[in-house]
Structures are given as C-alpha cells and as structure tokens.
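Engineer: here is my input; please provide its structure:
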Amino acid sequence: MSWLPEILHNYGISRGTAGWLLSFTQIVGLPASFLVPIMAGRLRSQVWIAFTLGMCSIVGYGGLWMGSSYPIMILSIILIGIALGGNFPLVLSYIGIRTQNGNQAVELSGMAQSTGYMLAAVGPILIGYLYDITQVWTIPLITLIIISGLVMIFGMLSGRDEHV
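Structural biologist: Here you go, the predicted structure:
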C-alpha cells in the first residue's frame, strides 16, 4: 500500500489525488475486514474466500501494471482494497479456526504473527529497491502479483477443513 500513491503519480495522477485514492483503497477494504472473519467463522472451509481475495489482489495489481486509464486504476484500487482489507482478518481468523484449544492457538499465533510481520516489514523496502534499480513500476508490480499468488495458494491450503 505504501507505494500506491507513487505508482499512481507515475501514471499522471496528481500527488493529492493519489493520496486520496490511497485513502479510498483503505475505506473500500473496511467492509471486507468486518465481513470476511464472520464468513470464515461460519464455513468449514475457507478455500473459496482465500481464492476470491487472492484473485482480487492479482487482478488489482495486474490492472495497475497493464492499464493506466483512470477507470482501470479505480477498479484496480477497489480490488486491491478488498483484498488487503480481507486477507489480514482472514489470516488472523485461521488462528482460532484451525486450532483445537487455547495452547495451540497461542503457539500458532506466535509463530505466524512473528514470521508474518517480519516478512511484511521487508515488503515495502523490497518494492522500493526494485523500483530504484529498474526505474519503472513493472517489476515491482509483477513481484506483487507473484506474492499475491503465493498468498492465495497458502491461504487456500490453510483454509482447508483441517486442524493443525
């Protein structure tokens, strides 16, 4: 998310509008952040939720990569907002859904969150570095598409109706 305004500005959007569009992305994600855990808790398998959110992310980043028209940017931002708003709560829901007791939940939470936050801290730096060495947003966006695909695959595997 941190690079979205810069990507949009590179496509000709003013910095102010790009900042507002970043806010719009966050607002679009709010309903997903509330609805996804509720839906996940009611289903035995969350595979389709992970797939849907993954596809929103892939198509959203793909739209930013392929198209620079304003309608495509807005659609991409909406899809990215839904994906980002839903993925984080889904992952946190897995901790409670996929464990059988509190001790397992604590162990899984400690492992998943420490690893996840470490990877998340490296993400913006990596994207910025890729942009710095290429001076185009193509490689960083392709990288985000690949990462989104991996998140979708692991989310689908984690969403199967099994306990850890």
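Engineer: buried ones in stretch 120-133?
Structural biologist: Ile127, Leu130, Tyr131 (16 or more other Cβ atoms under 10 Å). The way it works is simple: take the backbone N, C-alpha and C, and place the C-beta from them, glycine included.
Engineer: again, but for stretch 35-52
Structural biologist: Burial within stretch 35-52, assessed by neighbour count using 16+ other Cβ under 10 Å, is assigned to Val36, Pro37, Ala40, Gln46, Val47, Ile49, Ala50, Thr52.
Engineer: Val91 is in contact with the fourth one, correct?
Structural biologist: No. Counting by Cβ atoms under 8 Å, no contact exists between Gln46 and Val91, whose distance comes to 10.1 Å.
Engineer: residues shared between the contacts of these two?
Structural biologist: Both Gln46 and Val91 are in contact with Gly155, Ser158, where contact means Cβ atoms under 8 Å, 6 or more residues apart in numbering.
Engineer: where along this protein do the helices fall?
Structural biologist: For the chain, the helices defined by DSSP state H occupy 4-10, 15-42, 47-66, 70-97, 102-134, 138-158.
Engineer: name the nearest residue to Leu43, sequence neighbours excluded.
Structural biologist: Spatial nearest neighbour of Leu43, chain neighbours left out: Ile49 (7.4 Å); criterion: Cβ to Cβ, 6 or more residues apart in numbering.
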